[in-house]
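Participant: Show me how the following folds:
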Amino acid sequence: FFFRLQKWLIAFIYFRSVAGRQKSLADRAFVSCRILSTPSSEKGPFEGSLRYSRIEGDLDDDDPPDVGDTVQAFVIDTNSKGGFVRLSRRVQGRAMLKELCDGFLPDPAAAFPMGRLVVGKVKQIKPASSSENSFVVDVDMRESSLL
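Facilitator: Purely as a prediction, here's the structure:
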């Protein structure tokens, strides 16, 4: 979910943070959230959580998934070689073009636009080179691999 905090200020809320609360969210509703991180650039989004435990002060990150787990993620970027997704603050994933769909995909960016919620199976997990507490996972989003 993306929330506009001001004209130029946007917050990104993870789907798991809203679990069970979607029905209570409406246009122009006031919600309490916990800001988890601030943008590195002036125009980048804030990351926030609507999870009750986060609002009350539990700021521990979720554990990374295991190989073989089925996960939900948001699309960050898609190009002619594949796509990148975000599972949580510390876990990002990637899927090669052949692992996005079972059939031919003429325009991957149109089929997987930024912000779309997707489901995939974790094939591999490794520490990210940029941070000791971050992980990169290889994800297979083909329907045949999920069944």
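Participant: and after the strand or helix carrying G83, which helix or strand comes next?
Facilitator: Assigned by DSSP states H and E, G83 belongs to strand 82-86. Beyond strand 82-86 on the C-terminal side, the first helix or strand identified by DSSP H and E is strand 91-96.
Participant: picking that back up, the strand holding G83 packs against which elements?
Facilitator: strand 70-79, strand 91-96 (3 or more CB pairs under 8 Å, 6 or more residues apart in numbering; DSSP states H and E). Yep, even glycine has a C-beta here, placed from its N, CA and C like the rest.
Participant: Direction included, what does that strand pair against?
Facilitator: Each strand paired with strand 82-86, and its direction, by DSSP bridges: strand 70-79 (antiparallel), strand 91-96 (antiparallel).
Participant: Flag every buried residue along the last one.
Facilitator: Buried residues in strand 91-96, counted by 16 or more other CB atoms under 10 Å: V91, Q92, G93, R94, A95.
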